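[1] I'll drop the sequence and a predicted model, then ask my questions.
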Amino acid sequence: MIRPIRRIVRVLLVAALASPLAAYAQGLPDTLARIKSAGQINVAYSPDSIPFSQNDGGQPVGYSIDLCRGVIAGVGRAIGNTNLKVNWIPGTVSERLAAVKAGRADLDCANTSATASRMTDVDFSNLIFIDSGGFLVRSDGPIQGFDMLKGKKVAVIGGTTTEQRLRAALRERGIDATVITVRDGPEGPVMLDAGTIDAFAGDKVKLVGLAVTSKNPTALALLAADLSFEPFAFAIPRNDSTYRLLVNRELTRLYVSPEIDTIYNRWFGRLGRPSGVLASMFLLNAIPD
């Protein structure tokens with residue numbers, strides 16, 4: 001009598017343990033299969049993150065977009081469709097991450113910072129760029145450093161890591177400043193020009209791009225102080241290791257080829273050669289076969 005009961009318990013225990021695993025396996029995404037079946041790939045991007053990603057005459061262009069096109073070509077080769085249709089989906093960082101999480105986007109190509117908290121919803125590729133957060137101010141204004149923001153109005157794009165780190169830095173330093181959230185990057189220079197804000201926080205390279213394309217570039221200045229460290233990567237569907245490996249293989253192919261020099265020079269040539277940190281990033285994020 002004991003043995004049958006033990007066998008029954010054992011069978012039930014195995015079934016109980018296997019069921020969640022089977023359900024988990026069935027719930028794993030198969031991004032490549034979905035793309036192959038649809039004959040198209042959905043790609044989220046930022047329409048105003050110069051020089052990483054922007055909308056130019058209805059077409060996305062930028063450093064991240066060039067890298068992304070290389071990845072997309074690799075996806076096409078992997079599924080046997082070199083004429084893969086690309087659906088570009090513009091959106092804010094919050095909208096892009098939500099689209100990837102929900103399966104409405106297969107890739108996010110912009111200047112999205114990879115963070116542990118975001119990894120609860122999406123996975124990330126290897127790094128594509130390293131930047132730091134900073135401040136854009138009026139060149140004729142009084143603000144020369146972070147501590148001079150007391151009593152001032154600081155704008156930042158809502159839902160970004162920069163917003164989180166700005167608020168945290170202000171609290172840590174006991175600086176009483178008014179934080180104003182905006183939707184798009186170009187709003188910052190316009191508000192600085194109008195005098196409705198005193199500083200605009202964002203990724204430094206993006207701030208440079210916004211300044212040089214603004215109405216009056218000479219009226220704006222970038223503070224030397226760093227607000228944060230920003231490691232950029234492509235957001236991809238969570239728990240799809242096959243797809244993530246393909247994305248990283250294609251990034252590696254670019255990083256070890258002359259293409260990366262062409263892409264970098266096209267979008268950052270005016271800033272000079274890549275810094276030692278950025279050059280090391282390319283090396284450390286190239287995965288050997």
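    That came through, no problem.
[2] alpha carbons only for contacts and neighbour counts from here, please
    Will do.
[3] Would you give the sheet partners of whichever strand or helix holds A155, along with the direction of each?
    For A155, the host element (DSSP states H and E) is strand 153-157. Here strand 153-157 has these sheet partners by DSSP bridges: strand 178-182 (parallel), strand 199-203 (parallel).
[4] tell me the contacts of the residue nearest the centre of the chain?
    With distances taken as C-alpha atoms, centre = their mean, the chain has T112 as the residue nearest its mean C-alpha position (1.5 Å). By C-alpha atoms under 8 Å, 6 or more residues apart in numbering, T112 lies in contact with V93, P231, F232, A233, F234, A235.
[5] Closest one of these to K153?
    K153 has its nearest neighbour among the contacts of T112 in V93, at 22.6 Å by C-alpha to C-alpha.
[6] Pretty sure the closest one sits against T160.
    Yes: the pair V93 / T160 is scored as a contact, 6.7 Å apart, by C-alpha atoms under 8 Å.
[7] mind listing the helices for the stretch 101-250 of the chain?
    161-173, 187-194, 204-212, 241-255 (DSSP state H, counting those that start in this stretch).
[8] Name the residues of stretch 228-245 that come out as buried.
    Applying a neighbour-count criterion of 16 or more other C-alpha atoms under 10 Å, one finds 228-238, 240, 243-244 buried in stretch 228-245.
[9] Sorry, wrong one. I was asking about stretch 29-43.
    Buried-residue list, stretch 29-43, by 16+ other C-alpha under 10 Å: P29, T31, L32, I35, K36, G39, Q40, I41, N42, V43.
[10] Show me which of these is closest to L210.
    Here the nearest of the buried residues of stretch 29-43 to L210, counting by C-alpha to C-alpha, is V43; it sits at 23.3 Å.
[11] before we move on, back to that, which of the buried residues of stretch 228-245 scores worst on pLDDT?
    Ranked by pLDDT, the buried residues of stretch 228-245 bottom out at S228, which has 82.
[12] That one: what's it in contact with?
    Going by C-alpha under 8 Å, 6+ apart, the list of residues near S228 reads S132, G133, G134, T162, R165.
[13] most surrounded residue in the residues you listed?
    In terms of neighbours by other C-alpha atoms under 10 Å, those top out with G134 at 25 neighbours.
[14] That one against D203, yeah?
    Yes: at 6.1 Å, G134 and D203 qualify as touching, with contact defined as C-alpha under 8 Å.
[15] With distance to G188 added, can I get the buried residues of stretch 228-245 in TSV?
    Output for the buried residues of stretch 228-245, formatted as TSV (distance: C-alpha to C-alpha, whole Å):
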residue	distance to G188
S228	18
F229	21
E230	19
P231	22
F232	21
A233	24
F234	25
A235	25
I236	29
P237	31
R238	33
D240	37
Y243	36
R244	35
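[16] Mind checking which of these are in strands?
    Cross-referencing those against strands under DSSP state E gives S228, F229, E230, P231, F232, A233, F234, A235, I236.
[17] which one is the fourth one nearest to, not counting chain neighbours?
    Spelled out, that is P231. I130 (4.7 Å; C-alpha to C-alpha, 6 or more residues apart in numbering).
[18] any idea how far L284 is from the one you found?
    In this view, I130 and L284 are 12 Å apart by C-alpha to C-alpha, to the nearest Å.
[19] Compare these two (neighbour count), which wins?
    Higher neighbour count among I130 and L284: I130, with 20 against 14, using other C-alpha under 10 Å.
[20] That one contacts E230, doesn't it?
    Yes: I130 is within contact range of E230, at 5.9 Å (criterion: C-alpha under 8 Å).
[21] Low-confidence regions, the stretch 1-150 of the chain specifically.
    Confidence mapping of the stretch 1-150 of the chain against pLDDT under 70 gives the ranges 1-28.
[22] what about the strands in it?
    40-45, 48-49, 53-56, 59-61, 85-90, 107-109, 123-138 (DSSP state E, counting those that start in this stretch).
[23] ok, the longest one: who's next to it in the sheet?
    Partner strands for strand 123-138, per DSSP bridges, with pairing direction: strand 199-203 (antiparallel), strand 220-222 (antiparallel), strand 228-236 (antiparallel).
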